[in-house]
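Enquirer: Model the structure of this input:
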Amino acid sequence: MSMDINFNKNEDYNKLLASDLKRRFAKVKLGGGLKRIDKHHAKGKLTARERIDYLLDNDSKSIEIGAFAGEDMYAEHGGCPSGGVIVKIGYIKGKQCIVVANDATVKAGAWFPITGKKNLRAQEIAIENRLPIIYLVDSAGVYLPMQDEIFPDKEHFGRIFRNNAVMSSMGITQISAVMGSCVAGGAYLPIMSDEALIVDKTASIFLAGSYLVKAAIGESIDNETLGGATTHCEISGVTDYKAKDDKDALDKIKFIVDKIGDYDKAGFSRTEAFPPKENEDDIFGILPKARNEQYDMLEIIKRLVDNSEFEQYKEGYGQTILTGYARIDGWAVGIVANQRKLVKTKASKTKPTEMQFGGVIYNDSADKATRFIANCNQKKIPLVFLQDVTGFMVGSKSEHGGIIKDGAKMVNAVSNSVVPKFTVVIGNSYGAGNYAMCGKAYDPRLIVAWPSAELAVMSGNSAAKVLLQIETASLKKRGEEITPEKEAELFDKIKSRYDKQISPYYAAARIWTDAVINPLETRNWISMGIEAANHAPIKKSFNMGVLQV
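Expert: Okay, here's the model as predicted:
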């Protein structure tokens, strides 16, 4: 690809974003910090990440869900790196599984509100894809100072155990290893799994610990006798296997997983995988520094798909959305992507030539995307959405043309799609464009963001201008004089606050996305996501219901 000064500037900027991502990830990997890790090791225990690394096959691929969950949240409580729980999709004895491990270096593995949300997300992935799920339990239970935000509601702590029961009825393998504390309501999770292991001397399970037992019924007993490995393996029968240490427990899990039979396939097409012919690293130079700059999304697609081959559907129609077929790591995919360059429509006797803005969804592009999504559902082809969207086109021409109707058709198709969907937020993800391009509310199997992503109702500039008008009107009503300098100061303050909220890390902290990833990791995420989805045969037919035609 020919290089120019803009390409070089973009490349420098986007590689700095990738470096910042790497730095942030290195920080969250430390969990509660080096001192707490050392204390954990002193007890003869592995950390949550060490346990997962030991459990997963050597040199195999894996992806981490929600690494940035809880970032910059709960500062008054000391923070909650990675939500206090590590979740990875990887391979155990060659079988794809999802592993959930409490991080006891973070508040003794206590459950914050975001911990519950992340655990539920892991279970949702297991249920949607019928993936075996392994729980590595080491938790002090609900974080009591915030119990009102984690305990009683539908999507709170109790939903975990309800999901245990549902997954069991679905035949989804669940294996738990109790490797530390497992108290109160949390004790139900391992015992509602298919099989439960417990590590001798360092692990315990009980509804109430020795102090609470003494206070409640006056009985004096130590924790080991109350709920240690010997008690539960030889007296209560609560657990199925006793392990002498962490590695022994993990080896037993490997042994069990190795015996699981094969799964029914959904039957998605896969052939031999090929890397893109175009240099993937060029992505950093193609993607503009500023979110309002134009670029050709087709050039990004060529660097994500096998052999850089992309067969466009309705290439000359509705050009602000690109649709077409490709393969990613051998898997057949249908791609729906926002075209970010200005496009010129062809003139006819009834329709003059016009320029359409890149990143905006027009009537014709919404119609085209709807038809393509229906085609992919008919052919059983997974869908990949590449988001860089500012929203739907506004104004009298679009309204008179029925943009709301065409947009509703697209949203309907996305909502009712039965093939697995995967969403990559490359740049803008604004307003209803987020919905139409399969945002989190539309059940993508996985949704990830590049460091360049922005998720919000509207851009920082637009929102800041609207909010500034409201704030200045309010100040003037109170009799304050608004000088140009004061207005500029207010604008900067509002925009700074808003820009923080549209950051991909703000979204990832709240699990609006599953991860912030380096663009060069995109192929692996989509490939592993489709492999996971292939565990779950499609049992529903595609039906869009009633539409305004």
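
Enquirer: And for the residue nearest to residue 249 when sequence neighbours are not counted, the neighbour number?
Expert: Closest residue to residue 249 apart from its sequence neighbours, by CB to CB, 6 or more residues apart in numbering: residue 243 at 3.6 Å. To be clear about C-beta, it is placed using only N, CA and C from the backbone, and glycine gets the same treatment. Neighbour count of residue 243, defined by other CB atoms under 10 Å: 24.

Enquirer: If I follow the layout properly, residue 243 ends up in contact with residue 198?
Expert: Yes. At 7.0 Å, residue 243 counts as touching residue 198 under the criterion of CB atoms under 8 Å.

Enquirer: Tell me where the model's unsure across the stretch 201-350 of the chain.
Expert: The stretch 201-350 of the chain contains residues with pLDDT under 70 at 347-350.

Enquirer: And the strands in the stretch 251-400 of the chain?
Expert: Ranges of strands in the stretch 251-400 of the chain, per DSSP state E, counting those that start in this stretch, are 311-312, 321-328, 331-338, 343-344, 355-356, 360-361, 383-389, 391-392.

Enquirer: Bridged to the residue lying closest to residue 62 once chain neighbours are set aside, which residues?
Expert: Counting by CB to CB, 6+ apart, residue 62 lies nearest to residue 90, which is 3.4 Å off, once chain neighbours are set aside. When assigned by DSSP bridges, residue 90 has beta-bridge partners residue 97.

Enquirer: ok, residue 90 - contacts?
Expert: 52, 56, 57, 60, 61, 62, 63, 96, 97, 99 (CB atoms under 8 Å, 6 or more residues apart in numbering).

Enquirer: please redo it, this time with the cut-off set to 10 Å
Expert: 52-53, 55-57, 60-64, 96-99, 134, 528 (CB atoms under 10 Å, 6 or more residues apart in numbering).

Enquirer: partners of the helix or strand in which residue 197 is found in the sheet?
Expert: Secondary structure from DSSP states H and E places residue 197 in strand 195-199. Strands that pair with strand 195-199, judged by DSSP bridges, come out as strand 174-183 (parallel), strand 241-243 (parallel).

Enquirer: number of nearby residues for the nearest residue to residue 95 once chain neighbours are set aside?
Expert: Excluding the flanking residues, the one nearest residue 95 by CB to CB, 6+ apart is residue 257, at 5.7 Å. A count of nearby residues for residue 257, using other CB under 10 Å, gives 19.

Enquirer: Residue 257 is in contact with residue 93, isn't it?
Expert: Yes. Counting by CB atoms under 10 Å, residue 257 does reach residue 93; the two are 5.3 Å apart.

Enquirer: Could you pull out the helices in the stretch 101-250 of the chain for me?
Expert: 113-129, 158-170, 188-191, 210-217, 223-227, 229-230, 246-257 (DSSP state H, counting those that start in this stretch).

Enquirer: in this structure, what secondary structure element scores lowest on mean pLDDT?
Expert: helix 460-477 (a mean of 77; mean pLDDT, DSSP states H and E).

Enquirer: What lies in contact with that helix?
Expert: 291-292, 390, 430-431, 454, 456-459, 480-482, 486-488, 490-502.

Enquirer: again, only using 6 Å
Expert: Helix 460-477 is contacted from outside by 482, 490, 491, 494, 495, 498, 499, using CB atoms under 6 Å, 6 or more residues apart in numbering.

Enquirer: cool, stretch 37-57 as well?
Expert: Against stretch 37-57 from outside (CB under 6 Å, 6+ apart): 62, 86, 88, 90-91, 99, 101, 103, 105, 136, 202, 246, 250.

Enquirer: pLDDT check: weakest of those residues?
Expert: The lowest pLDDT within those belongs to residue 202, with 92.

Enquirer: quick one: that one from residue 176, how far?
Expert: As judged by CB to CB, to the nearest Å, residue 202 and residue 176 stand 15 Å apart.

Enquirer: Please apply the same query to residue 368.
Expert: With CB to CB as the criterion, residue 368 and residue 176 are 48 Å apart.

Enquirer: Show me which of those two is the more surrounded one.
Expert: Legend: neighbour count by other CB under 10 Å for residue 368 and residue 176, higher for residue 176 (27 against 24).

Enquirer: Is residue 320 in contact with residue 340, as I believe?
Expert: No. With contact defined as CB atoms under 6 Å, residue 320 does not count as touching residue 340 (8.7 Å).

Enquirer: Neighbour count: those two, which is higher?
Expert: residue 340 (29 against 26).

Enquirer: Go ahead and confirm that one touches residue 388.
Expert: Yes. The pair residue 340 / residue 388 is scored as a contact, 5.3 Å apart, by CB under 6 Å.

Enquirer: Now do the shared contacts for the two.
Expert: residue 359.

Enquirer: Show me what whichever strand or helix holds residue 413 is packed against.
Expert: Assigned by DSSP H and E, residue 413 falls within helix 403-416. On a contact count with 3 or more CB pairs under 6 Å, 6 or more residues apart in numbering; DSSP states H and E, helix 403-416 meets helix 363-379, helix 431-436.
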